[in-house]
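Peer 1: mind looking at a prediction? Sequence and model below.
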Amino acid sequence: MLKIMYALITYDDLVHSHGISGLSEKSYDHHAILKVHFVAETDKGIVFSALVDDNELLQFKSLSMPLVNVSYKIIKNKKPPRRPISTSLKSMKKYHRTLNNLTMSEKNWKQFLDPKICILSQCYY
């Protein structure tokens, strides 16, 4: 099951991991980190979000450094949109496009991220 992880990595640990992109294809707390996205830079380190999945099938190597303020977000499926009143080609294309983006995947996971202000206010200040 895909989840979103928010965490902070200190500057010292960031050097050892060769940047936040070096966290991809590693495991942390039995979760495989699939993709990583930069959120903000603070005085303590770098805040990032990551797409994670269970590590049982993937068997990624464990991350050797600790992460700070780790939180996970489970995404529930969105409600399907109502059918458009107008049956024009443009409105039908938009309707089918939104139907395809109701569940989180590796391709569209960034649209499910919380706003940057929310991430920073909840966990890091």
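Peer 2: Thanks, I have the structure now.
Peer 1: need the longest helix for this protein.
Peer 2: Longest helix of the chain, by residue count under DSSP state H: helix 89-100.
Peer 1: in that one, what's buried?
Peer 2: Tyr95 (16 or more other CB atoms under 10 Å). Any C-beta I mention is one placed from the backbone N, CA and C, and that applies to glycine too.
Peer 1: what's it in contact with?
Peer 2: Pro80, Pro81, Arg83, Pro84 (CB atoms under 8 Å, 6 or more residues apart in numbering).
Peer 1: please save the CA atoms from the helix or strand just after that helix in PDB.
Peer 2: Going down the chain from helix 89-100, the next helix or strand is helix 116-123, by DSSP states H and E. Extracted C-alpha coordinates of helix 116-123, given in PDB (Å, rounded to 0.1, in the frame of the first residue of the first chain):
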ATOM      1  CA  LYS A 116       4.300  23.300   2.200                       C
ATOM      2  CA  ILE A 117       3.000  25.600   4.900                       C
ATOM      3  CA  CYS A 118       1.000  22.700   6.500                       C
ATOM      4  CA  ILE A 119       3.900  20.300   6.400                       C
ATOM      5  CA  LEU A 120       6.200  22.900   8.100                       C
ATOM      6  CA  SER A 121       3.700  24.000  10.700                       C
ATOM      7  CA  GLN A 122       2.600  20.500  11.700                       C
ATOM      8  CA  CYS A 123       6.000  18.900  12.300                       C
END
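Peer 1: what ranges does the chain have for its strands?
Peer 2: For the chain, the strands defined by DSSP state E occupy 3-10, 26-28, 31-41, 45-54, 61-62, 68-74.
Peer 1: let me have the contacts of helix 89-100 in TSV, extended by neighbour count, distance to Met5 and pLDDT.
Peer 2: Compiled in TSV, the contacts of helix 89-100 are given as follows (neighbours: other CB atoms under 10 Å; distance: CB to CB, whole Å; pLDDT from 0 to 100):
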residue	neighbour count	distance to Met5	pLDDT
Pro80	10	27	85
Pro81	13	28	84
Arg83	9	35	87
Pro84	12	36	87
